[in-house]
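Student: With the sequence up front, the predicted model follows.
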Amino acid sequence: LAQLERDVKAAKNAPIRVGGAVRFQYVYQDYAQGNKDRGGDVDFDLIRLDFNGEIGDVILAAQYRWFQYMEAVQKAYVGYNLSKFWQAQVGIINVPFGNLPYNSHNYFFSSNFYAGLEDNPETGANLRYRSEKWEWDLGFYKNGEQGGVDGFVSNRDDRYAYDPVGIRIAGEGIFDAPSEPMAQNNSWALRGARKFTLSVDSNLELGLSVQHGDLHNGSNSVGERSVLGGHLRYNKGPWELMAMASRYDYDLAQENEGVVMGAYAYFDTMPARATLYTLNLAYDLPVSWGPVTNLRFYDNYSLMSAKSGLSDDTFMNVLGMAVSAGGLYTYFDLVTAQNHPFVGGSMGVDGGDTNTRFNINFGYYF
Amino acid sequence: LAQLERDVKAAKNAPIRVGGAVRFQYVYQDYAQGNKDRGGDVDFDLIRLDFNGEIGDVILAAQYRWFQYMEAVQKAYVGYNLSKFWQAQVGIINVPFGNLPYNSHNYFFSSNFYAGLEDNPETGANLRYRSEKWEWDLGFYKNGEQGGVDGFVSNRDDRYAYDPVGIRIAGEGIFDAPSEPMAQNNSWALRGARKFTLSVDSNLELGLSVQHGDLHNGSNSVGERSVLGGHLRYNKGPWELMAMASRYDYDLAQENEGVVMGAYAYFDTMPARATLYTLNLAYDLPVSWGPVTNLRFYDNYSLMSAKSGLSDDTFMNVLGMAVSAGGLYTYFDLVTAQNHPFVGGSMGVDGGDTNTRFNINFGYYF
Amino acid sequence: LAQLERDVKAAKNAPIRVGGAVRFQYVYQDYAQGNKDRGGDVDFDLIRLDFNGEIGDVILAAQYRWFQYMEAVQKAYVGYNLSKFWQAQVGIINVPFGNLPYNSHNYFFSSNFYAGLEDNPETGANLRYRSEKWEWDLGFYKNGEQGGVDGFVSNRDDRYAYDPVGIRIAGEGIFDAPSEPMAQNNSWALRGARKFTLSVDSNLELGLSVQHGDLHNGSNSVGERSVLGGHLRYNKGPWELMAMASRYDYDLAQENEGVVMGAYAYFDTMPARATLYTLNLAYDLPVSWGPVTNLRFYDNYSLMSAKSGLSDDTFMNVLGMAVSAGGLYTYFDLVTAQNHPFVGGSMGVDGGDTNTRFNINFGYYF
């Protein structure tokens, strides 16, 4: 038995768990002639590594992703529980904003993601409070996850999440690399949410989020960025409803045709000011079909409106189903969108077509 | 004891095992003046990660590789055992063809590898049948592991295995990036093999493999690709004999000087049609010299003949030894070859010299 | 109990441990106007993976690093214990030189690192002897970790440690890519150190190191490289003192303005001959403040003098503190330096300013 005890001790797992994910996807785009002609394509999506755990009360949470066109850090922070309710985090951390962890149920997130307002890491510190009734998040961010406007990186648009990387000036194309760089700098975020237990199987959460910070071009401040958002989440048994309204404003000192955003090895443009509305409904259906244990049906709708300098709205509707089977989580998404990144358009130009994309993302998470 | 049981539960390993390999090699090339002058070079080869295991009956098998000049996915699929005999696989998977897993014993594989006919992953689905006597593999592949002809990747030639990436047109150099892109599309593969137990220590396997599919240039179909192969594997005690004959045919609608192949950050050319013959013999010798537990001696011979548009054959002979010592597997390979990639030549041009390369590949697998 | 024994066996850890590190840092540079204007920046530093362990008496030690501007191998070797005292290592291994493992206490190492004389991997073989009183290291290196002057790599300056990559010729800028490539080739290293136990809590180590090898430009030998060093380490209770003097000499056949060094996606220049002196003092203070268990205070001073062709010295002083808290190891470094890489200067030019950099490197090691 003493030997067995020693063996158990030796077999003890390392305190930091190395996990990850492997993903690939089928894509059919009605707006891409070659893809249609071939009946769609299957692409490798990514592999990623996750490091999670705790040594001597200090928490580590990190995730790094490799694509075939870039690699990017998703998070990399250390944390410490100050008390039962308070946690401090430092490093590459998500900006708390609206519905957490996601303001969506589908693989493409909501339109907020493409404006940098969903699952968006920056570099700084968060202070979190979590109790039965309240969630409070206060954050300060020195700069984006690429070290700011002049951080030393291979490509300014190799990012997991959309961030401002420049000022779009007249004469440039909407997908051009920016000739006038810009990045977030010394920003604050505050998020508060109140949770209500309405009945044995229904809950409501209402919250407000605000962000404010400087914009820097490498030499000087060139403006300010402000964001305001209100969110709602309602759960009743297998149903979930999320709603959110967000307004962002890049108050730039110089004339511009919008903000250059960078992510996924692409530069794109979005208006300097806009309002976003999202409405998401989901329904969970536990099943027992071979390895399949759950089906989630959802419809996620996003609208971007009141764009500065542009007259056409952006919208995206994702009607879909997510299938849980062991480590495999598969999204079947029918995406209909106009003026939307990843669906043949851009938020930064008028006159786009309404496009349809059918997407099956296979993701194995461990 | 209850505490011990809890500790054992906590010490349980994660269901997906994170493994990998680390490799480096000594290279001496009689056809490279600088390398000869220095008495050879030692290069870092790669590190790789392997993710293998099963959560809730759904299997994961993935492997990703980092070199100093590229990175590439080797496989990334999910699987499910439909019955004791049948397995379904979806993702980045090997095309079943000929002797499996390899049609060779040495570090360089056979010439088939360089024509995309050995250990070659594509993106699609496999259905496998394995019984004591029969092996059946049926596969359908949407496209190659880079998402097809217009998949979004950094470099079209950053691939683990050789794939067609273009049509070689008159006036281009044999190592040029293709001006006319092309990729496999909507392909089928079928492989059948019959296994015979001849005696207590001897076995025979005979098989046939066939592939057929479309070739696409991004807008349209530009031709068809067909492959046919027959293989034999005979084992008797420590001896193994493998033989294979393969014929491939790229039936292109336009005039061409061959097919542009891409892999290992290189473009190369091969004829649009050719026949390959391979003959491999190996002998295993278990030993007990310090950490060394096995020696494998082998000779692997490949011949590529009946090339369309070219008159000179390609051949490669690898005389070698592989040494097993703990996690370390070391190949000592004396390679003699003419018109062969990785040995100072190309399959797509006449008149190459017969070159010799001595290579020691140290690989630690875990 | 039999079931428990089986469970313990199944729970046994894999023989090769997959570990790593995640790091990010705050940087304030008084010589960078934009950085000052923003009050400093926070940058993602790296993630890295470590593979360590032993299968069948054969040891593996490997480390690979991903930055946002490059990736690089730090080590990748296999080892075998020939006896209680002797170990053989083959692969990407550190050149034994001076104080080991580091000739410094801070995040920036000593100036030796920037001259390729601290924690510098090459590709070859080491033979190590370790006893209570003696340390002997004999090494032979075919070439650098990028396969020598013509190794097949994406970028010659994507290296963890500084190595010669060219000859700096008249008319080139000090940060230019070299037009005349050059690399180390067929080099030898020998290091011997004697350890003295002076009292119960004090130890002294005295040692000598020497390196000699060829320099090759891809076609021919173009010179020789020689290095000589003497080191001292003295420990008494919580105190540690390190001192070292090193002389290197690139004896080049052609006229030059120094040696082109490459690392961290940068080319830089250093004189062909110079002498380096380092003096380091550290003091450990165990504490028990929440998760903080140790503070290390240190001052590390480096001087590079007697430069060929240049009249101004290089110096760097790092006054700092390292904080241990669980898996987190944080360096607070106040760096003052003149003509120094990473502190706004170069070793290869006269007339640089004395610059100050304040740096906090957060590193989580597991």
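Tutor: Nice, I can see it.
Student: Please list the residues of the stretch 151-300 of chain A that sit near chain C.
Tutor: Taking C-beta under 8 Å from any C-beta of the partner chain, the part of the stretch 151-300 of chain A that reaches chain C is made up of A:151-154, A:158, A:185-186, A:214, A:216, A:218-221. In this view, the C-beta of every residue, glycine as well, is placed from N, C-alpha and C.
Student: which one among those gets closest to B:Asp37?
Tutor: The shortest gap between B:Asp37 and any of those belongs to A:Ser154, at 34.2 Å (C-beta to C-beta).
Student: What's the mean pLDDT across stretch A:185-193?
Tutor: When pLDDT is averaged over stretch A:185-193, the result is 98.
Student: Report the distance from it to the chain centre.
Tutor: From the chain centre to the centre of stretch A:185-193 is a distance of 16 Å (C-alpha atoms, centre = their mean, to the nearest Å).
Student: same check, this time on stretch A:332-342
Tutor: That offset, for stretch A:332-342, works out to 16 Å (C-alpha atoms, centre = their mean).
Student: What of stretch A:106-116?
Tutor: That offset, for stretch A:106-116, works out to 6 Å (C-alpha atoms, centre = their mean).
Student: what does stretch A:307-327 give?
Tutor: Per C-alpha atoms, centre = their mean, the centroid offset for stretch A:307-327 relative to its chain is 12 Å.
Student: Next, the distance between the ends of that stretch.
Tutor: 41 Å (C-alpha to C-alpha, to the nearest Å).
Student: In it, which of the residues would be classed as buried?
Tutor: By 16 or more other C-beta atoms under 10 Å in any protein chain shown, the buried positions in stretch A:307-327 come out as A:307, A:310, A:312-318, A:320-327.
Student: and what of stretch A:294-306?
Tutor: Counting neighbours by 16+ other C-beta under 10 Å, the buried set in stretch A:294-306 is A:295-304.
Student: Tally up the residues packed near whatever residue of the stretch 1-150 of chain A ends up closest to chain C, please.
Tutor: Nearest residue of the stretch 1-150 of chain A to chain C (C-beta to the nearest C-beta) works out as A:Gly56 at 2.7 Å. The tally of other residues near A:Gly56 (other C-beta atoms under 10 Å in any protein chain shown) stands at 14.
Student: Likewise for A:Val259?
Tutor: 31.
Student: Likewise for the one 5 residues further on?
Tutor: The burial count assigned to A:Tyr264 is 18, neighbours taken as other C-beta under 10 Å.
Student: Mark which of the residues of the stretch 151-300 of chain A next to chain C are buried, thanks.
Tutor: A:151, A:153, A:158, A:185-186, A:214, A:216, A:218.
Student: would a markdown table of those with secondary structure be doable?
Tutor: Shown next, in a markdown table, are those (DSSP: H, G, I helix; E, B strand; the rest coil):
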| residue | secondary structure |
| --- | --- |
| A:Gly151 | coil |
| A:Val153 | coil |
| A:Asp158 | coil |
| A:Asn185 | strand |
| A:Asn186 | strand |
| A:Asp214 | strand |
| A:His216 | strand |
| A:Gly218 | coil |
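Student: Go through those and name the one nearest B:Tyr364.
Tutor: A:Asp158 (30.7 Å).
Student: So which of the buried residues of stretch A:294-306 are in helices?
Tutor: Among the buried residues of stretch A:294-306, no member falls in helices (DSSP state H).
Student: Could you identify the most distant pair in those residues?
Tutor: A:Leu295 and A:Met304 (29.9 Å).
Student: how near is the one residue in the stretch 201-350 of chain A that gets nearest to chain C to A:Gly148?
Tutor: Residue nearest to chain C within the stretch 201-350 of chain A: A:Gly218 (4.7 Å; C-beta to the nearest C-beta). Distance of A:Gly218 to A:Gly148, computed by C-beta to C-beta, to the nearest Å: 8 Å.
Student: now check stretch A:151-158, is it near chain B?
Tutor: No. Taking C-beta under 8 Å from any C-beta as the criterion, stretch A:151-158 and chain B are apart, separated by no less than 9.8 Å.
Student: Run through who's touching that stretch.
Tutor: The contact list for stretch A:151-158 (C-beta atoms under 8 Å, 6 or more residues apart in numbering or on different chains) reads A:70-72, A:143-144, A:146-147, A:165, A:177, A:181, A:262-267, C:41, C:43, C:68-70, C:265.
Student: just to revisit the earlier point, out of the buried residues of stretch A:294-306, list just those in strands.
Tutor: Counting by DSSP state E, these place A:295-304 in strands.
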